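In: structure for this input, please:
(one chain, ligands or ions: 3)
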Amino acid sequence: MKQDKLVYVETFGCQMNVSDSEKIVTLLRGLGYNPTSESSRADLIILNTCSVRAKAEQKVYNILNNYKGLKRQNRRLILGVGGCVAQQEGERLLAKVPHLDLVFGTHNLHQLPALVRGAEAGQRQAEVAFIDTETRLNLFPADETEGGVTRFVTVMQGCDNFCAYCIVPHVRGREISRRSADILDEIAAMADRGVKEVTLLGQNVNSYGLKSEGELDFAGLLRSVAVIDGIERIRFTTSHPKDISPGLIACFAELPKLCSHIHLPAQAGSDVVLSRMDRGYSRTEYLAKIAALRSARPDIHITGDMIVGFPGETDADFAGTLSLLEEVRYADLFSFIYSARPGTKAAGFDDEVPREVKQERLLQLQDRQRAMTLELHRSLVGSSQEVLVEGVSKRGDQLYGRSSGNRIVNFAGGEEMIGTFVPVTITRAYQNSLLGELSKQ
Ligand code: SAH
Ligand code: SF4
Ligand code: F3S
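Out: Residues are numbered from 1 along each chain as shown. Ligands and ions are numbered 1, 2, ... in the order given. Alright, predicted model coming up:
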């Protein structure tokens, strides 16, 4: 087979898409396409898209528009869209974008090779039908990516929670858990290739295994990963507060390999808003879980997601969000302006918060969080952190890695340290990272 065709894959959205893009690259290699980082040289361009907010979706259309010129220059260029916008729009996307060749949904990665072959023969097609669970379980290609100190491992996909604002259950479909035996085999093979840290990935990892008879639950899965030789660190994302079980909290007390970090999105700090969001927990219940996690692992760093301007959010509701920040003291927070998504329950709510109010609330929230993150980073100055060294920093003169609490740490050291754990004494705090030096042993 000729190996001289190039594919450019551009990824948007969450880690699930990053992971899917790696699988897309593997599938396309099988067709003779090698990855390139320059879209202008590509024979095939794939956009792996996100539709979680209107802005993310709009970006896809802007980029597709920009590729019109490339298509004009190279009539044989194939342009494809996958991921969550593809799932949402399906055939409509082909109608809206005349220079687009193929569309594949979130369950249809395995059909991509056939779609590309079709496009090579001049066809325009969309495949966005959801696939049944059994077929999907057999479709998870094993991750055989060489190298890397840290890897993500998909343990479940989809989401059954239907939070009122969220498009994910609509575009990713029903929740399925991968077989634990397959996951554990995959991680053991990664350990053999030198991987030191794995992040178990899913839209809602806490409900892993609960709907599959005879399967491990998430705490059981963590315990099984923890006994794999060579894997020194375990992380997971994302957690839903309502599904954090006592068994999972106990893992933070009992599994030293489990890192001191949890991403636990609250989304709002007021009970009225939480209930209208259909989140399934109250502010008090959320705080009780945080307290239990801190008691199991006192130095745990907590990060979260927050939405401002959900329909009907009053000043008092927003004050509840701000005060939640003070009580939790997040290490980091991803905050978003509410964006109505087609087909979701909240899209039908009519008490919209004015745009300026939403923007003002976002700024206020982000200002407060920035100050708290910096405060946390300053409190770490003088401490020694165990850092898993991941590589050479962008500036080229330092190494970078992460602490157990998921803070980025830069320090001077030799490249032979990549892939090892080193103790680093923190000397300086920045907004987004820490600077340190190797601790004297
Ligand atoms: N549980 C998921 C969350 C995916 S969406 C996971 O696996 O990460 C990531 C974040 O986007 C959510 O936590 C939420 O804060 C935000 N988000 C989702 N829908 C949104 C919307 N309609 N408007 C604004 N932000 C939204
Ligand atoms: Fe969306 Fe809620 Fe599911 Fe997360 S848990 S993906 S926010 S529906
Ligand atoms: Fe976006 Fe889809 Fe992930 S909507 S956040 S890419 S699951």
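
In: can we go C-alpha only for contacts and neighbour counts from here?
Out: Will do.

In: and L221, that's in a strand?
Out: No: read with DSSP: H, G, I helix; E, B strand; the rest coil, L221 is helix and lies in no strand.

In: T150: neighbour count?
Out: As a burial measure, T150 scores 21 neighbours (other C-alpha atoms under 10 Å).

In: that one contacts R193, correct?
Out: No: using C-alpha atoms under 8 Å, T150 is not in contact with R193; the gap is 11.0 Å.

In: and N65, how far from K55?
Out: To K55, N65 is 15 Å away according to C-alpha to C-alpha, to the nearest Å.

In: apologies, that question was intended for T238.
Out: Taken as C-alpha to C-alpha, the span from T238 to K55 is 22 Å.

In: assign G436 to helix, strand or coil.
Out: Following three-state DSSP, G436 is assigned to strand.

In: let me know how buried it is, in neighbour terms.
Out: Other residues close to G436 by other C-alpha under 10 Å number 22.

In: what does A316 give?
Out: If we define neighbours as other C-alpha under 10 Å, then A316 has 11 of them.

In: could you say what helices and strands the helix or strand hosting it packs with?
Out: A316 belongs to helix 315-328 when assigned by DSSP states H and E. When contacts are defined as 3 or more C-alpha pairs under 8 Å, 6 or more residues apart in numbering; DSSP states H and E, helix 315-328 sits against helix 355-379.

In: following the helix it packs on, which helix or strand shows up next?
Out: Remark: after helix 355-379, the chain's next helix or strand is strand 384-392, criterion DSSP H and E.

In: can you list the strands that the next helix-or-strand element following that following strand pairs with?
Out: Later in the chain than strand 384-392, the nearest helix or strand by DSSP H and E is strand 399-402. The strands beside strand 399-402 in its sheet (DSSP bridges) come out as strand 384-392 (antiparallel), strand 408-411 (antiparallel).

In: mean confidence score for the first one?
Out: So the one you mean is strand 384-392. Averaging pLDDT along strand 384-392 gives 97.

In: just how off-centre is it within its chain?
Out: Offset of strand 384-392 from its chain centre (C-alpha atoms, centre = their mean, to the nearest Å): 21 Å.

In: CA atoms of the worst-scoring helix or strand of the chain on mean pLDDT as PDB?
Out: Lowest by mean pLDDT, DSSP states H and E among the helices and strands of the chain is helix 133-137, with a mean of 83. Coordinates of each C-alpha in helix 133-137 appear next as PDB, following Å, rounded to 0.1, in the frame of the first residue of the first chain:
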ATOM      1  CA  THR A 133     -24.000  -1.800  23.300                       C
ATOM      2  CA  GLU A 134     -22.700  -5.300  22.500                       C
ATOM      3  CA  THR A 135     -21.300  -4.100  19.100                       C
ATOM      4  CA  ARG A 136     -19.800  -1.100  20.700                       C
ATOM      5  CA  LEU A 137     -18.100  -3.100  23.400                       C
END
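
In: quick thing: my sequence starts at 308, can you match it?
Out: Let's use 308 as the start, then, which means that last one is helix 440-444.

In: next SSE after it?
Out: Using DSSP H and E, the next helix or strand after helix 440-444 towards the C-terminus is strand 457-461.

In: phi, psi of the residue nearest to E427 when sequence neighbours are not counted?
Out: Spatial nearest neighbour of E427, excluding adjacent residues (C-alpha to C-alpha, 6 or more residues apart in numbering): I385 at 7.5 Å. When read as degrees, to the nearest 10, the backbone of I385 gives phi -100, psi 130.

In: my read is that I385 contacts R424, right?
Out: No: using C-alpha under 8 Å, I385 makes no contact with R424, being 10.3 Å away.

In: so those two - more neighbours on which side?
Out: I385 (22 against 12).

In: how much space between the more buried one and ligand 1?
Out: 30 Å (C-alpha to the nearest ligand atom, to the nearest Å).

In: looking at R675 now. What's its pLDDT?
Out: Predicted confidence (pLDDT) for R675: 98.

In: what residues are up against the residue lying closest to L632 once chain neighbours are set aside?
Out: Closest residue to L632 apart from its sequence neighbours, by C-alpha to C-alpha, 6+ apart: Q676 at 7.5 Å. With contact taken as C-alpha atoms under 8 Å, 6 or more residues apart in numbering, Q676 is in contact with 632, 637, 639-640.

In: so T545 and K362 - more neighbours on which side?
Out: Here T545 and K362 are compared on neighbour count by other C-alpha under 10 Å; more neighbours surround T545, at 19 against 11.

In: how far away is the more buried one from ligand 2?
Out: Counting by C-alpha to the nearest ligand atom, the gap from T545 to ligand 2 is 8 Å.

In: I'd say that residue and H568 touch.
Out: No: look at T545 against H568 with C-alpha under 8 Å: they stay out of range, at 11.5 Å.

In: give me the buried stretch members for stretch 626-635, please.
Out: The neighbour-count check on stretch 626-635 (16 or more other C-alpha atoms under 10 Å) flags 627-629, 631-632, 635 as buried.

In: I'd guessed L528 sits against A488; true?
Out: No: checked against C-alpha under 8 Å, the pair L528 and A488 is beyond contact range at 9.6 Å.

In: what's the separation between the nearest residue to H547 once chain neighbours are set aside and ligand 3?
Out: Nearest residue to H547, sequence neighbours excluded (C-alpha to C-alpha, 6+ apart): N511, at 6.0 Å. Taking C-alpha to the nearest ligand atom as the criterion, N511 is separated from ligand 3 by 11 Å.

In: got any ranges where the stretch 358-507 of the chain has weak pLDDT?
Out: For the stretch 358-507 of the chain, residues meeting the criterion pLDDT under 70 lie at 448-449.

In: follow-up on the earlier one: JSON lines for the buried residues of stretch 626-635, including pLDDT?
Out: Listed next are the buried residues of stretch 626-635 as JSON lines, based on pLDDT from 0 to 100:
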{"residue": "G627", "pLDDT": "98"}
{"residue": "T628", "pLDDT": "98"}
{"residue": "L629", "pLDDT": "98"}
{"residue": "L631", "pLDDT": "98"}
{"residue": "L632", "pLDDT": "98"}
{"residue": "V635", "pLDDT": "98"}
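
In: quick one: which of those residues is nearest to T680?
Out: T680 lies nearest to L632 out of these, by C-alpha to C-alpha, at 11.0 Å.

In: what does the stretch 408-557 of the chain have sitting close to ligand 2?
Out: Neighbours of ligand 2 within the stretch 408-557 of the chain, by C-alpha under 6 Å from any ligand atom: 466, 468-470, 473, 475-476, 510-511, 547.

In: most neighbours out of these, which is it?
Out: Q510 (26 neighbours).

In: the strands paired with strand 706-709: which one's closest to L741?
Out: strand 715-718 (4.7 Å).
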